[in-house]
Structures are given as structure tokens and as C-alpha cells.
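Colleague: Output the structure for:
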Amino acid sequence: MRPSGLDDIPDLWKATYDLVAQVPLGRVTTYGAVARALGDVVASRFVGLAMSMNNDIVRVPCRRVVQSDGRVGGYTGGGPRRKAALLRKEGVRVEGGVVLDLADQMFTDFVSDQPLKGLRRRQARLRGRVDVPSRDIDVEHVVGVDVAYRGEHSYAVAAVFDWATGEMVRHSVQEGDASFPYVPTYLAFRELPLVRSLIEDLPEGAVLIYDGNGLLHPEGMGIASHAGVAFGVPTIGVAKSYLCGERGRRLRGGVVPLSMGGQVVGYELSGGGSARPVYVSVGSGIGPDQSLRIVKRFMRHRVPEPTRAAHILANRARGSTIHK
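Modeller: Numbers count the residues shown, from 1 in each chain. I've put the predicted structure just below:
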């Protein structure tokens, strides 16, 4: 079986709590320091979330995790004042809700296998398997995928559209808990394990449009590219936010080519009556020009109909309908 990059995903919640359990009495650390021990400072906000959800304040002394400027921050065991009082009892110098001489009281000597660095290496390996063909592929169906959340419980939808008619012919829903948290640029490890079961019965000639980036990604491996490599299907990323890419000269219709490493991998596209653009990029198994044509074919609103339908259906499954 070809490696998907979705197996043996580390338990980032447990890894975070295990790191904080290492902070000794009389010392403090920061959310950013814990994130760096996980392997990537972009996880700082997640560390804050994990501390707010900590239900074992004896083993995991979240009171010893403070903000980078020394402010004590929140505390599940009684709020900032209680947190400051507990730190003072442990010998940490706190005044006015701020840790004094933070550098002198800072703990960073974590023992960690840095799980996020391991996932980043995994992304790099998968990046080498992205396929960008020079010729058009046959397309019979276009499938939009989106995921909605209620806390850590998720609702994934695949909405299948017929290429010839442009209409939705069916959809499927998969519900389950997301075991991996939201960490920027690691979204594939959160969503794709749940999406995988939706892909198993795709019709012939299917192209997947994912609500996210493809090659237009800081690591050159957004969730749409990961999905294409993992599932072995052609994929296109359509994102609502600009992450990266060198802008070229604006073309007819307001289309702007976006390049990485000197190669056009996507486009900025406005349409569907919206002044706000979306960012279309190759996922894998399809070229940029055909990706653009497919997305434009379904642009009745700001986002293409397959992902818009998947978004609406996912939120309906969650219990509320939120329109883009």
C-alpha cells in the first residue's frame, strides 16, 4: 500500500501535556517555548488552547505556562489572580500579574521528540510525489470537500457534481472526532483521516476540489496537495486567503497568475458576483490551467459550487447552516 502520510499521526494533546509536566517547581515557561518543543512555534495558540482544557492541574502544572511578555495569562484553576498567587507560593517572582526577570526563571530544557518537525519532514517527502501533468486529464465528475466542526467533533462532506450538467448528483457525510488539533499549515493531519472514507467510492473521472490550498502553501504542500497524493486522485485547492506565491501580470478577466519557484502553480480569481478573490492552485494530478478552467466552470458565487455545496451540507450536518 502506498504511504498516505496519514498513518501514525502523533497525539499532540498528550505530547503538549507531557511537556508541561516537565516544568519544575519555581520555574515557568511560555506558550511559545512549549510550541518550539513540539517542533514549531506556530503551535503557540494551540498550546494556549490545550492549557485552557487541561483537567489534570496536578500532573500538568499549566499555571507555570505564561505569556512571552511575562504576563501570567489565564488559568483553568481559578483565573489570573489565583495563578499569580500559586506561582508566588512556588517561589516565582510575580508582581502586578507579571513574572519579573522572566529570563532568569524560564525553563526550556524540555525532553521532546518534536512531533511537529516529524510531520514537517513527512510533508516534504510527500511533496516529492506531487504530480503536475502537462496535458489535460479526462474529467467526468467534480467533487467538493469541506469539513465543519463542533469543538473537536467534525462533519466531513463530499458533494459530487456532474461535469456535463454542472449539477450535484449525490453527496456523502462522514462524522467523527478529530484527533489532531488545528495548527496552521498542518491542517491535512486534522482533516484528511476523516475525509479518507469519503474518497473510497468516488466515481470515475473524478477531480477533487478542496476548500484549502494546494501548492500555494509555505511548504509547497497544502491540504489539497496532500489529499491528491494520499488518495491518488486529481485535486485542486481553492482557498479564500492568500498565503504565498509571486503575483504575475493581471490577465483578461482579472485573473492573476501565482508562481512559486518560477513556475505558475495557481491563480487569483474573482467571479460569481463577488469582489473578493479566491486562490486556485494545483493540488496534484492536474495542471494549473485546467484547474482554473474547472473552477471557473462552477463559479456561480464567490467559491465554486462543489465546495460551496459541501460547506452548506457540512454545516447542516453539524446542526446549523452558514453560507459563504
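
Colleague: Let's verify Ile137: helix, strand, or coil?
Modeller: Secondary structure state of Ile137, per DSSP: H, G, I helix; E, B strand; the rest coil, is coil.

Colleague: Quick check, central residue of this protein?
Modeller: Nearest to the geometric centre of the chain sits Leu187, at 2.2 Å (CA atoms, centre = their mean).

Colleague: Show me the shaky parts of the stretch 101-250 of the chain.
Modeller: Within the stretch 101-250 of the chain, the set of residues satisfying pLDDT under 70 is empty.

Colleague: what are the ranges of the helices in the stretch 101-250 of the chain?
Modeller: For the stretch 101-250 of the chain, the helices defined by DSSP state H, counting those that start in this stretch occupy 102-105, 115-127, 187-199, 223-231.

Colleague: Adding distance to Glu167 as columns, could you present these in CSV?
Modeller: (Each C-beta comes from the backbone N, C-alpha and C, glycine too.) Putting these into CSV (distance: least, CB to CB, whole Å) gives the following:
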stretch, distance to Glu167
helix 102-105, 60
helix 115-127, 34
helix 187-199, 19
helix 223-231, 23
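
Colleague: winner for burial among those helices?
Modeller: Comparing those by mean neighbour count (mean count of other CB atoms under 10 Å), helix 223-231 comes out on top with a mean of 28.

Colleague: Just want the angle from it to helix 115-127.
Modeller: 70 degrees (axes from the mean of the first three to the mean of the last three CA atoms, to 10 degrees).

Colleague: phi, psi of Gly266?
Modeller: Main-chain torsions, Gly266, degrees, to the nearest 10: phi -170, psi -180.

Colleague: again with Ser112
Modeller: The phi/psi pair for Ser112 (degrees, to the nearest 10) reads phi -150, psi 150.

Colleague: what's the burial count for it?
Modeller: Neighbourhood size, Ser112 [other CB atoms under 10 Å]: 16.

Colleague: Equivalent analysis for Thr108, please.
Modeller: Residues near Thr108, counting by other CB under 10 Å: 12.

Colleague: so it sits right up against Val28, yeah?
Modeller: No: between Thr108 and Val28 there is no contact under CB atoms under 8 Å: 10.5 Å.

Colleague: Gln105: what's it in contact with?
Modeller: 26-28, 92-93, 99 (CB atoms under 8 Å, 6 or more residues apart in numbering).

Colleague: could you redo the last one with a cut-off of 10 Å?
Modeller: Each residue near Gln105 by CB atoms under 10 Å, 6 or more residues apart in numbering is listed here: 26-29, 64, 66, 70, 87, 91-94, 99.

Colleague: what does Pro181 give?
Modeller: By CB under 10 Å, 6+ apart, the residues touching Pro181 are 12-13, 16, 43, 45-47, 49-50, 53, 152, 189-190.

Colleague: give me that answer again for 8 Å
Modeller: So Pro181 contacts 12-13, 46, 49-50, 152, 190 (CB under 8 Å, 6+ apart).

Colleague: Would you point out the most distant pair within those?
Modeller: Ala50 and Arg190 (14.3 Å; CB to CB).

Colleague: Could you look up the SS state of the closest residue to Val20 other than its chain neighbours?
Modeller: In space, and not counting its chain neighbours, Val20 is closest to Val60: 5.0 Å by CB to CB, 6 or more residues apart in numbering. Following three-state DSSP, Val60 is assigned to coil.

Colleague: wait, what's in contact with Val60?
Modeller: Here Val60 is in contact with 17, 20-21, 54 (CB under 8 Å, 6+ apart).

Colleague: Compile the residues you listed into a markdown table and extend it with columns for neighbour count.
Modeller: Formatted as a markdown table, these follow (neighbours: other CB atoms under 10 Å):
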| residue | neighbour count |
| --- | --- |
| Tyr17 | 20 |
| Val20 | 22 |
| Ala21 | 14 |
| Asn54 | 21 |
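
Colleague: Turn those residues into CSV, including pLDDT, secondary structure and distance to Gly283.
Modeller: Shown next, in CSV, are the contacts of Val60 (pLDDT from 0 to 100; DSSP: H, G, I helix; E, B strand; the rest coil; distance: CB to CB, whole Å):
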residue, pLDDT, secondary structure, distance to Gly283
Tyr17, 98, helix, 34
Val20, 98, helix, 37
Ala21, 98, coil, 39
Asn54, 94, coil, 37
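
Colleague: quick one, strands of the stretch 101-250 of the chain?
Modeller: 141-150, 153-162, 168-177, 206-210, 235-239, 246-247 (DSSP state E, counting those that start in this stretch).
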